[in-house]
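Asks: 3D model of this:
(chains A and B)
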Amino acid sequence: ETGVTQTPRHLVMGMTNKKSLKCEQHLGHNAMYWYKQSAKKPLELMFVYSLEERVENNSVPSRFSPECPNSSHLFLHLHTLQPEDSALYLCASTQFLQGTGSYNEQFFGPGTRLTVL
Amino acid sequence: AQKVTQAQTEISVVEKEDVTLDCVYETRDTTYYLFWYKQPPSGELVFLIRRNSFDEQNEISGRYSWNFQKSTSSFNFTITASQVVDSAVYFCALRETSGSRLTFGEGTQLTVNP
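Replies: Modelled structure (predicted):
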């Protein structure tokens, strides 16, 4: 595998289900992101992890719960979602440069297309 | 607050035409980075370019070129001799130098017809 991979690519779930989205990066990066992309809306940043610590939590409802067990993996746990949560969920990774405190460009996965019924 | 505006929601051209995608940004930061990403129908955002605010030199990469003008806060993207495979949504984005957050524009849907 190369780059950033996401599974599943498509997910249909009911409002009472619990599911998880998985992201894995094979680039040796140390920072990972979750974005939400809804139709006709800009990409919305959800969470940022840097060096396995959450550094941004962008006012996301608690029905979305991120987990970053190591620098290569990022999960988004979903429970009791609403139909308006249907969207493309994109994962990205980048390198945080500890010496300068800056970030390189982000590389994205193909996304998980989520439909909530 | 940072903001990126891509005023062109959709552009449609015929193959081999040149096309320019506009991007205007707002930021209070004196140093920042600008980016362009391409999102084909498969969904994955593909990184195209990163530009530091200190570097106003225009860049050319094959059929792609970028015009950065700090005086007008614009970072426009031109595709020369467009091809059908260029059809995608293109996003312009801004990030402050020390921040982790990218601010995206709303994207421009480019359709290149044969």
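Asks: which residues are in contact with the helix or strand in which residue A:91 is found?
Replies: According to DSSP states H and E, residue A:91 maps onto strand A:87-94. The contact list for strand A:87-94, computed with CB atoms under 8 Å, 6 or more residues apart in numbering or on different chains, reads A:4, A:6, A:21, A:23, A:25, A:27, A:29, A:31-39, A:43, A:74, A:76, A:103-109, A:111-114, B:43, B:45. Every residue, glycine included, has its C-beta placed from N, CA and C.
Asks: try it again with 7 Å
Replies: With contact meaning CB atoms under 7 Å, 6 or more residues apart in numbering or on different chains, strand A:87-94 is reached by A:4, A:6, A:21, A:23, A:25, A:27, A:29, A:31-38, A:74, A:76, A:103-109, A:111-114, B:43, B:45.
Asks: For the nearest residue to residue B:53 once chain neighbours are set aside, grab the count of nearby residues.
Replies: Residue nearest to residue B:53 in three dimensions, not counting chain neighbours: residue B:32, with 4.8 Å by CB to CB, 6 or more residues apart in numbering or on different chains. Residues within reach of residue B:32, counting by other CB atoms under 10 Å in any protein chain shown, total 20.
Asks: thought residue B:32 was touching residue B:96?
Replies: Yes. Using CB atoms under 7 Å, residue B:32 is in contact with residue B:96, at 5.1 Å.
Asks: right, and residue A:11 touches residue A:114 too?
Replies: Yes. In this structure, residue A:11 is within contact of residue A:114 by CB under 7 Å, at 5.1 Å.
Asks: The two: which has the busier surroundings?
Replies: residue A:114 (21 against 18).
Asks: Tell me which strands the strand holding residue A:91 pairs with, and in which orientation.
Replies: strand A:31-37 (antiparallel), strand A:107-108 (antiparallel), strand A:112-116 (antiparallel) (DSSP bridges).
Asks: Need the contact partners of the lowest-mean-pLDDT helix or strand in chain B.
Replies: Lowest by mean pLDDT, DSSP states H and E among the helices and strands of chain B is strand B:59-61, with a mean of 88. The contact list for strand B:59-61 (CB under 7 Å, 6+ apart) reads B:49, B:65-66.
Asks: between these, which is nearest residue B:25?
Replies: residue B:66 (13.3 Å; CB to CB).
Asks: for that closest one, what are its contacts?
Replies: Neighbours of residue B:66 in contact, by CB under 7 Å, 6+ apart: B:36, B:49, B:51, B:58-59, B:75, B:77.
Asks: What's opposite it in the beta bridge?
Replies: On the basis of DSSP bridges, residue B:66 is bridged to residue B:59, residue B:77.
Asks: Next one, pLDDT for it please.
Replies: The per-residue pLDDT reported for residue B:66 equals 95.
Asks: The nearest residue to residue A:56 once chain neighbours are set aside: which element?
Replies: Spatially, and ignoring its direct neighbours in sequence, residue A:56 is nearest to residue A:48 (3.8 Å; CB to CB, 6+ apart). Element membership for residue A:48 (DSSP H and E) is strand A:44-50.
Asks: Can you classify residue A:41 by secondary structure?
Replies: Recorded secondary structure, residue A:41: coil (DSSP: H, G, I helix; E, B strand; the rest coil).
Asks: Give me the pLDDT for it.
Replies: 80.
Asks: and what of residue A:98?
Replies: On pLDDT, residue A:98 comes in at 87.
Asks: where does residue A:14 land on pLDDT?
Replies: 89.
Asks: Please read the previous query as pertaining to residue A:1.
Replies: In this model, residue A:1 is scored at 66, pLDDT.
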